[in-house]
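> Dropping a prediction and its sequence here:
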Amino acid sequence: MKPALRRAGWVIGALATLASVAYIIHSWRGQDLSAFASGRAAAAVAVCTGFYLVGVIATAWAWKRLLADLDVHMPWRALASILAVTQVGKYLPGNVAQHVGRASLSLDRGITPVAFAVTLASEMLLLMLASVLVGVSALLVSGRSLALLPGGRGESIVLVGALVALAIAGLVLGSRLAPRLLARFAPTLAQRIGPARMPSLPALGVAVAIYCLVYLVFGAGIVLMAGLLLPSVAPDAWLLVAGFALAWIIGFVTPGAPAGLGVREGVMLLLLGTHYPPAAAGAIVVGLRLATTLGDILLFPLGLLLARKSPA
């Protein structure tokens, strides 16, 4: 990519980052955070933030595996830098800044447009699948039932089944039918972009396993944070893991909520309220929002550092 275009890409990314930070500051205006002014509470949020940073960076391993299956071989550090730098862009409506910035940096690194589009679509479906698998499994291990989810047991089972079926169907149909449909109905476009295919099932399996581990890492950070914030309340670790994973997928599929703002907190409060007193559940939810917001902001300089140390 030409130096002028590269500089323009970084300028756009920096402006999007500033806009995202401004949105974050605006969203926290009027919130009472006095409960987090103590050293113990600050340490709790810091611990959760650390686990969140590790989890986000770890997703680069899944992206690396998906790209490698499409014969695009990239160093992990370069992919981690792209993910880290663009993470804060998710706070703008529609995640447009995040996706545009990630696409620009990916093309700059030599990732082909087809490989980027295919792996991004695969990633979204796999994250949905991993979220449902981890969330439902953790909810059942905790001794709770699907009746805790919004809408009652029957509707929840239908929703969970639909999300899993959608993710699996999208992966299977994409891998088998997309290239054929493109060649059949848009042959000119197919020749222009070259051969397109979905990652193989083994690559998809490795990626979804990594995403499941990432949700567990996020959950571990929340469990430790809850233990520090609420030492007098007996923890329910698996309920905390389930609450985060299921709140993530519901927030993800809800349109018009940047970074799941409001939606995920409501779902987590509903689930955690079955074990934690209302004030305790609220403290956990607010602490998690603080930790993830702080983590998204810190990921930007971390991504710049990884970019400087990664191969050009």
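Perfect, thanks for sending it.

> Give me the neighbour count for Y52.
Residues within reach of Y52, counting by other Cβ atoms under 10 Å, total 25. (Each C-beta comes from the backbone N, C-alpha and C, glycine too.)

> residues contacting it?
F218, G221, A291, T292, G295 (Cβ atoms under 8 Å, 6 or more residues apart in numbering).

> Quick check: of those, which has the highest neighbour count?
G221 (27 neighbours).

> How confident was the prediction at that one?
Per-residue pLDDT puts G221 at 96.

> Please name the nearest non-neighbouring residue to it.
Using Cβ to Cβ, 6 or more residues apart in numbering and skipping residues adjacent in sequence, the residue nearest G221 is F51, 2.6 Å away.

> same thing with H73?
Nearest to H73 is L67, by Cβ to Cβ, 6+ apart, at 7.2 Å.

> Remind me which helix or strand the one you found belongs to.
L67 is located in helix 39-69, with elements delineated by DSSP states H and E.

> So for that helix, what gets flagged as buried?
Judged by neighbour count using 16 or more other Cβ atoms under 10 Å, the buried positions of helix 39-69 are 41, 44-45, 47-49, 51-53, 55-67, 69.

> got the contact list for the residue nearest to H73?
H73, M74, L79, I111, A115, T119.

> G282 contacts G266, correct?
No: using Cβ atoms under 8 Å, G282 is not in contact with G266; the gap is 11.3 Å.

> And the closest residue to D69 other than its chain neighbours, how close does it get to L230?
In space, and not counting its chain neighbours, D69 is closest to A203: 3.8 Å by Cβ to Cβ, 6+ apart. Distance, A203 to L230, by Cβ to Cβ, to the nearest Å: 41 Å.

> cool, and V118?
44 Å.

> who's more crowded, the two?
Neighbour count, other Cβ under 10 Å: between V118 and L230, V118 has more, with 23 against 19.

> Which helix or strand contains that one?
Short version: V118 belongs to helix 113-141, going by DSSP H and E.

> Name the residues of that helix that come out as buried.
115-116, 118-119, 122-123, 125-136, 138-139.

> Give me the pLDDT for the residue nearest to D69.
Looking at A203, its pLDDT reads 90.

> Wait, it touches D71, no?
No: taking contacts as Cβ under 8 Å, A203 lies outside contact range of D71: 11.5 Å.

> any common contacting residues for these two?
If you check A203 and D71 against Cβ under 8 Å, 6+ apart, no residue is contacted by both.

> The protein: helices as residue ranges?
All helices of the chain, identified by DSSP state H, fall at 3-28, 39-69, 76-86, 96-108, 113-141, 152-176, 178-185, 187-193, 201-229, 237-253, 263-272, 278-309.

> Next, the angle from the helix holding L67 to helix 76-86.
Helix 39-69 and helix 76-86 are oriented at 130 degrees to each other (axes from the mean of the first three to the mean of the last three Cα atoms, to 10 degrees).

> report the angle between the axes of helix 39-69 and helix 96-108?
Here helix 39-69 runs at an angle of 50 degrees relative to helix 96-108 (the same axes, to 10 degrees).

> what about Y276, neighbour count?
Residues lying near Y276 (other Cβ under 10 Å) number 24.

> so who does the closest residue to it other than its chain neighbours touch?
In this structure, Y276 finds its nearest non-sequential neighbour in V233, 6.3 Å apart by Cβ to Cβ, 6+ apart. Taking Cβ under 8 Å, 6+ apart, we find V233 in contact with A226, Y276, P277, A280.

> list the contacts for G295?
Counting by Cβ under 8 Å, 6+ apart, G295 touches T49, Y52, L53, V56.

> Who are the contact partners of the last one?
Which is V56. V56 sits next to L83, A84, Q87, V214, G295, L299 when contact means Cβ under 8 Å, 6+ apart.
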